[in-house]
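Chemist: Fold the stuff below for me.
(3 chains, ligands or ions: 2)
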Amino acid sequence: MNQPALLSKQNIIFAILLVVLVAFPFVADSRTLTILLTQIFIFGILAMSYDILLGYTGIVSFGHAMFFGIGAYSTAIMLKEIQPTIPVFIGSIVVGMVLAGILSFFVGLLTLRLKSHFFAMLTLAISGLLLVVAEKWRSVTKGNDGFTFRAPDVFKDRIVFYFCVLACLVIVFLILRRFVNSPLGRVLIAIRENEQRTRSLGFKTLHYKVISSIVAGVIASLAGSLYAISLRFVNTSMMTMDITLDALLMTIIGGVGTLVGPLVGSVVIEFAQHYLSGLARDYPIFERWIIFFGIIYILAVVFFPKGIVGSILTKISKWKQRDQVPLPESKERSK
Amino acid sequence: MENLLKLHNIHTHIGQYHILQGIDFEAKEGEVSVLLGRNGAGKTTTLKTIMGLTPASSGAVHYLNQDITKKPTYDIANLGIGYVPENQGIFGQLTVEENLKVAIRKETPEIMEKQEYVLNLFPDLKKFWKKAGGNLSGGQKQMLAMARAFVNDSKLLLIDEPSKGLAPIVIEKVMEAIVEMKKQTTIVLVEQNFLMASNIGDTYTLIDDGRTVRSGEMSELIQNDELKQKYLGIG
Amino acid sequence: MDLLISLVINGLATGMLIFLLAAGLTLIFGLMDVLNFAHGGLFVWGAYTGVVTYAYTESFLIGIVVSILTGIILGFIMEKLIITPVYGNHVQQILITLGFMLVLQEMIKVAFGPNAIPVTVPSYLAGSWEIGEVIVIKYRVFIIVVGFIIFGIFHYILTRTKIGLIVRAGVINKEMVQALGINIKRVFLFVFMTGASLAALGGMLMAPYSGSIYAEMGMEFAILGFIVVVIGGMGSFSGSLLAAILVGLAGSFMAYYVPYLSLAVNMILMAIVLIFRPQGLFSMIRREST
Ligand SMILES: Nc1ncnc2c1ncn2[C@@H]1O[C@H](COP(=O)(O)OP(=O)(O)O)[C@@H](O)[C@H]1O
Ligand SMILES: [Mg+2]
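Modeler: Numbering: from 1, shown residues only, chains lettered A, B, ... in the order given. Ligands and ions are numbered 1, 2, ... in the order given. Reported below is the predicted structural model:
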């Protein structure tokens, strides 16, 4: 119920982690690792946004990549067409977020009244449509070939960009943590637990679900903008199902409904992807690394539906009954 | 007479809700035992718990001297318990014939004879043999549901509010049918309509807030205005 | 005229393949309330095992038998391991079947290699008939005939047999079916395995038609299958045939006249149906609300 106190254990851990991450580029002079970490942060942001839908509201969307793609394209197009400067970059983030917000509002309104299966299919259809549109609208998107563009000069220094993304990650994390702990977030959790009952308590659940999907969409767009900069390139593959699946995998493996979980998931998946594809040169089976994740993911859904972080948190709160980091679920039930 | 069915201190949870919190109930062979209680008291849930549709989390259900608490629904049904749910549970797109056919386990001569018997009991069903169940009137649906529950030569019938939403004249017919079926089987009846309940019931069990509060002979309840006032809101 | 006929034949053939996939999907959904996102995996596994057998034995028929067997076995494993633990929980169902789809798809690459495998039409089904101006490709007619035969068989089972009656009753009200003494779990398993075998058969029949098979074809076809299930009405067997033919024809005509719109048209159709008529365009069955 209560906001974690400023000096709660949770916050201290986060602070230490933050210091480590800030110090990292100065201590370790590894370009590969810096880039990998940047990538982890970006997908961490995306996965956290997905967690708002899946973990906090209990809906499975197959269309999340749309918003990621919108952010990526907004940034790429504006930097290319206007000029590659920081103000334009910031402007492009805002434009992407606004567009994503508007789109997710309308898509949410259309889709969220449907039950889970139908909702999933409809998001699949809509994102499929949008992908077709993007691929055919070659004058703007250049389709699957995509196009390169120049990033603002300061980002030539990978470390500057690293800090920029890290800052975004921290801000998004703090905002989303606020959000899920707010009364609004609590209603979302109630919807996840039992939508019927929440509705009968007088909440217009559709409104709340739409808000949740707007928040998720807007944050996903930010992740897309950052991702485009990191590659200095966009194409339509950034709005395919694969991106949604990545976010899904990270969220499930890390732990749904925890916010930290998706971050952990992002770390695990990105690192594994990186090293397993390295191993693949010697052992071809590792080229199919997704199998391992698929299996872990399936086991997670059945046996550890709370993922890595969720399972650890449960352990801790079982250890000491009054832990300062109660699971959102147990909060809900203890009412 | 023997207890055909006996519930002992039944607790049932649906999801995280603790719905039944101590139900004791028994039905003697050949009798009509009536479950009474206001809306939301837990009568329907009690029947569902007997059927294993919402299994008890503690307590025991005994039927024919065996423990059926943990048995799956289809096993329970196959032990000879027929269930007529609150909303009748008619398969709307299936014909009357098909509705009965789903229930019939084996087309043995005895069962076909039974089918003849229920069709004589409910001549309307024969008349609308090929009609979709969903297009029947409320009373006909009720009859179809009862016929379907009875057709396998059930030893015990659980009937949930058969008079609900029916016109008085139709209720009369349903009541007659129950009295007729009583000659061949034991009946547990949930009924809000006290007139009907008191007319055909032999014993009563009062349920309130998921608990058995009292049970006894129907004749005794008919005289006890205080009890009726307190738990049924009639007097 | 000849163009029209060959487009129709094309559309019907594709429609039948989609139907084989969608028939299982729709029954599994209607009866078990499970939307199987791994259904495309059964399709592609049927195709690969069948094609490899076909190449090895040089008998197309044995290939078909093996693909059906693959479907039955995979269906059994899936129902027991993947579906049973998550009955009643929609979100978990979507997640787990999707994960299994990924695994099935990647396993194809492990077992059979990542590259597409070319497939030829068996000699006795190769070639075409010339009827006047019109050239009719034999294999397409073969697919259409098989599709209608399968439809006929299953339509008969559903409407004329006890198990079919139970399935139809189960689609309407599972609880009641159990309360009438039927072990619905056994019926679930039966329906799931049947649906899986149909999907696998669809994959196998697809192979010579498209000329090659590849791991991703499962997901691609599954999406068409979902569209068909939605349009036909979830749980409606006849609806899925009509919708599959509609989607097949739309695909074939669009592919000829406005190729880049063909998938989009089906997607739009599905979106519209979902928004305005979620019970499906052809669904004669409307679920009882009680
Ligand atoms: N599926 C369910 N989920 C939550 N509560 C339920 C459910 N079914 C019944 N209840 C609750 O259980 C109580 C008993 O219901 P029920 O057995 O239908 O009562 P009765 O048949 O006596 O009117 C009611 O308060 C009802 O709201
Ligand atoms: Mg009731």
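Chemist: so where is chain C shaky, pLDDT-wise?
Modeler: C:283-290 (pLDDT under 70).
Chemist: Packing partners of the longest helix along it?
Modeler: Criterion DSSP state H: the longest helix present in chain C is helix C:2-32. Here helix C:2-32 is seen to pack against helix C:39-57, strand C:134-137, helix C:138-160, helix C:162-172, helix C:184-210, helix C:217-232, helix C:237-257 when contacts are counted using 3 or more C-beta pairs under 8 Å, 6 or more residues apart in numbering or on different chains; DSSP states H and E. Any C-beta I mention is one placed from the backbone N, CA and C, and that applies to glycine too.
Chemist: Reformat these as CSV; add distance to chain A and mean neighbour count.
Modeler: Formatted as CSV, those follow (distance: least, C-beta to the nearest C-beta, whole Å; neighbours: other C-beta atoms under 10 Å in any protein chain shown):
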stretch, distance to chain A, mean neighbour count
helix C:39-57, 11, 25
strand C:134-137, 29, 16
helix C:138-160, 22, 16
helix C:162-172, 15, 21
helix C:184-210, 16, 24
helix C:217-232, 6, 26
helix C:237-257, 12, 22
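Chemist: of these, which approaches A:Ser74 most closely?
Modeler: helix C:217-232 (27.5 Å; C-beta to C-beta).
Chemist: Close to chain C: what parts of chain B are there?
Modeler: Contact residues (C-beta under 8 Å from any C-beta of the partner chain) of chain B with chain C: B:51, B:53, B:72-74, B:77-78, B:83, B:85, B:87, B:89, B:91-94, B:98, B:101-103, B:105, B:134, B:148, B:152.
Chemist: could you flag which of the residues you listed are buried?
Modeler: B:51, B:53, B:72-74, B:77-78, B:83, B:85, B:87, B:89, B:91-94, B:98, B:101-103, B:148, B:152 (16 or more other C-beta atoms under 10 Å in any protein chain shown).
Chemist: Filter these down to just the ones in helices.
Modeler: B:Met51, B:Thr73, B:Tyr74, B:Ala77, B:Asn78, B:Glu98, B:Lys101, B:Val102, B:Ala103, B:Arg148.
Chemist: from those, which two are the most distant?
Modeler: Maximum pairwise distance among those (C-beta to C-beta): 21.9 Å, between B:Met51 and B:Glu98.
Chemist: Where does A:Ile308 sit, in terms of helix or strand?
Modeler: In the assignment (DSSP states H and E), A:Ile308 maps to helix A:307-319.
Chemist: Who are the packing partners of that helix?
Modeler: Using 3+ C-beta pairs under 8 Å, 6+ apart, helix A:307-319 is in contact with helix A:241-254, helix A:260-279.
Chemist: Poorly predicted segments of the stretch 1-150 of chain A, please.
Modeler: Applying pLDDT under 70 to the stretch 1-150 of chain A flags the ranges A:1-7.
Chemist: Give me every residue in it lying close to chain C.
Modeler: Going by C-beta under 8 Å from any C-beta, the residues of the stretch 1-150 of chain A near chain C are A:54, A:58-60, A:110, A:114-118, A:120-122, A:124-126, A:128-129, A:132-133, A:136.
Chemist: same thing but at 10 Å, please
Modeler: A:54, A:58-60, A:62, A:110-111, A:113-133, A:135-136 (C-beta under 10 Å from any C-beta of the partner chain).
Chemist: quick one, phi/psi of residue 39?
Modeler: You didn't pick a chain, so chain A it is. Note on A:Gln39: its backbone torsions stand at phi -60, psi -40 [degrees, to the nearest 10].
Chemist: You answered for a different chain; I wanted chain B.
Modeler: Backbone geometry at B:Asn39, expressed as degrees, to the nearest 10, gives phi -50, psi 130.
Chemist: Run through who's touching the lowest-mean-pLDDT helix or strand in chain B.
Modeler: In chain B, the helix or strand scored least confidently by mean pLDDT, DSSP states H and E is helix B:225-232, which has a mean of 83. With C-beta atoms under 10 Å, 6 or more residues apart in numbering or on different chains as the contact definition, helix B:225-232 has outside contacts at B:36-38, B:41, B:192, B:194, B:197-198, B:204, B:206-208, B:213-214, B:216, B:220-222, B:224, B:234-235.
Chemist: ok, back up a step: please render the helices and strands packed on helix A:307-319 as TSV that adds distance to chain B to the earlier fields.
Modeler: Output for these, formatted as TSV (distance: least, C-beta to the nearest C-beta, whole Å):
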stretch	distance to chain B
helix A:241-254	24
helix A:260-279	24
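Chemist: Between those helices, which one is closest to ligand 1.
Modeler: The closest of the helices and strands packed on helix A:307-319 to ligand 1 is helix A:241-254. By C-beta to the nearest ligand atom, the value is 28.0 Å.
Chemist: tilt between the closest one and helix A:260-279?
Modeler: Here helix A:241-254 points in a direction 110 degrees away from that of helix A:260-279 (axes from the mean of the first three to the mean of the last three C-alpha atoms, to 10 degrees).
Chemist: For A:Ala151, which residues are in contact?
Modeler: The contact partners of A:Ala151, by C-beta under 10 Å, 6+ apart, come to A:75-76, A:79, A:84-86, A:89, A:161, A:228-233.
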